[in-house]
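1. Based on what follows, work out the 3D shape:
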Amino acid sequence: MPNLNTGILSEIEIVLPDIHEQESIVSLLSSIDAKIETNGKIIAELESLARTVYDYWFTQFDFPDEQGNPYRSSGGRMVHDPTLDRDIPEGWKVTAANELVSIDRGISYTADELSDEGTPLINLASFNTNATYKPAGLKHFTGKTKDSKFLSANDLVMCVTQQTPIDPAGATDVIAKTFLVPDIYEDSATMSMDVVRLSEQREGVRFLLNQMLTRSDYHRYASGYASGTKIKHLDVEGALSFPMALPQNDSLIEEYAALSERWYARISVCLKESARLTALRDRLLPLLMSGQAVGGR
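-> Presented below is the predicted three-dimensional model:
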């Protein structure tokens, strides 16, 4: 048809369900969307809680002391650290982040090895700019994967490639951003060559690193280790030379890790439920509109 105008359109008959059926369809789809939105809010609140507790305990140093009081605000002893040029709790030590992890690199792949099914592949597109997991960016890999390249829930992964110029403020960057792998896959996931896993060398420290590596001061530091003309690549070892203060005693790290595991387990539940609801909505919509399914049933 060379020309489609309003006159022609006005003559086209469209068969619609009756008004009650339309209302039923709207109600069903709206309830699905509302639950997905609620899950998104729960996830955001839990991520905010993890950041807030980290900030209180490991940045402001108001972690619970032996009496359960905030350490620094209650007069806990502080000592000046020349590396950070600030006071830190007595008994804490400043360590470069790269001394706390080993770096495991992802796999290379070809376009022929990508499909709608296969091993979940966390890649460049899996990272949101706010350092969270982006479900829509997941790919699937059909090739062979070494056991050492499989990921587990709560593994810490970092994006090490970016196809756009560096944003000094970090607001539009994914390079050097991290997230904890959610527990949402039926089988183990793997990671592309644009991603590295930061395997902790001290139990529980990955939960602290995930928070520290989202800070704006860290991103400014790390972006200095990104190079390349069109595509930026990160010198991971250099980017992780950033210093951070940690307690020598493991108990506080273990306590934060235990809290984080519960928070991120709940986040994974919400992500899985939202994925199922999204798939259900996308399957139902054409069936409802064609009359093959009836709203409310």
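2. Name the residues of the longest helix belonging to the chain that come out as buried.
-> In the chain, with assignment by DSSP state H, the single longest helix is helix 251-290. The neighbour-count check on helix 251-290 (16 or more other C-beta atoms under 10 Å) flags 252-253, 256-257, 259-261, 263-264, 267-274, 277, 281, 284, 288 as buried. For the C-beta atoms, the positions are set from N, CA and C on the backbone; glycine is no exception.
3. cool, and stretch 221-235?
-> Neighbour-count burial for stretch 221-235 [16+ other C-beta under 10 Å]: 221, 222, 223, 225, 226, 232, 234.
4. ok, so of those, who is nearest residue 207?
-> residue 222 (18.9 Å; C-beta to C-beta).
5. how near is the closest one to residue 101?
-> Between residue 222 and residue 101 the computed distance is 14 Å (C-beta to C-beta, to the nearest Å).
6. now swap in residue 174 and tell me
-> Residue 174 is 19 Å from residue 101, where distance means C-beta to C-beta.
7. of these two, who's got more company?
-> residue 174 (25 against 21; other C-beta atoms under 10 Å).
8. can you pull the contacts of the more buried one?
-> 124, 127, 128, 129, 159, 162 (C-beta atoms under 8 Å, 6 or more residues apart in numbering).
9. Of those residues, keep whichever come out buried.
-> Here, 16+ other C-beta under 10 Å leaves 124, 127, 159, 162 buried among the contacts of residue 174.
10. biggest separation within those residues, which pair?
-> 127 and 162 (9.5 Å).
11. got any ranges where the stretch 1-150 of the chain has weak pLDDT?
-> Along the stretch 1-150 of the chain, segments meeting pLDDT under 70 span 1-2, 15-18, 20-22.
12. mind running it again at 80?
-> 1-27 (pLDDT under 80).
13. Which residue, other than its chain neighbours, is closest to residue 181?
-> Leaving out its chain neighbours, the residue that sits closest to residue 181 by C-beta to C-beta, 6 or more residues apart in numbering is residue 155, at 4.5 Å.
14. Over to residue 238?
-> residue 225 (4.1 Å).
15. Which pLDDT value belongs to that neighbour?
-> Predicted confidence (pLDDT) at residue 225: the value is 97.
16. roughly how far apart are it and residue 32?
-> According to C-beta to C-beta, residue 225 and residue 32 sit 43 Å apart.
17. which residues touch the residue nearest to residue 181?
-> 180, 181, 197, 199, 206.
18. Which of those are buried, as a PyMOL select command?
-> Selection of buried members from the contacts of residue 155 for PyMOL, criterion 16+ other C-beta under 10 Å:
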select buried, resi 180+181+197+206
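19. Return the member of the contacts of residue 155 nearest to residue 40.
-> For these, the nearest to residue 40 is residue 180 (17.4 Å; C-beta to C-beta).
20. Next up, the contacts around residue 166.
-> Taking C-beta under 8 Å, 6+ apart, one finds 173, 175, 223, 226, 232 in contact with residue 166.
21. in the stretch 151-297 of the chain, which spans are strands?
-> 156-159, 161-162, 178-180, 190-191, 195-200, 226-227, 232-234, 243-247 (DSSP state E, counting those that start in this stretch).
22. Nearest to residue 39, out of these?
-> strand 178-180 (16.9 Å).
23. For that closest one, which strands pair with it and how are they oriented?
-> Partner strands and pairing direction for strand 178-180 (DSSP bridges) are strand 156-159 (antiparallel).
24. Using PDB, write out every CA atom in the strand it pairs with.
-> Extracted in PDB, the C-alpha atoms of strand 156-159 (Å, rounded to 0.1, in the frame of the first residue of the first chain):
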ATOM      1  CA  LEU A 156      32.200 -10.400  42.900                       C
ATOM      2  CA  VAL A 157      32.500  -9.400  39.200                       C
ATOM      3  CA  MET A 158      33.900  -6.300  37.600                       C
ATOM      4  CA  CYS A 159      33.400  -4.800  34.200                       C
END
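25. Other residues contacting that strand?
-> Here strand 156-159 has contacts from 101, 122, 124, 127, 151, 174-181, 191, 194-200, 206, 209-210, 213, 234, 236, using C-beta under 8 Å, 6+ apart.
26. let's see 7 Å
-> Residues outside strand 156-159 that contact it (C-beta atoms under 7 Å, 6 or more residues apart in numbering): 122, 124, 127, 174-181, 191, 194-198, 206, 209-210, 236.
27. Please apply the same query to stretch 244-251.
-> 81, 84, 88, 91, 92, 93, 94, 95, 97, 203, 212, 253.
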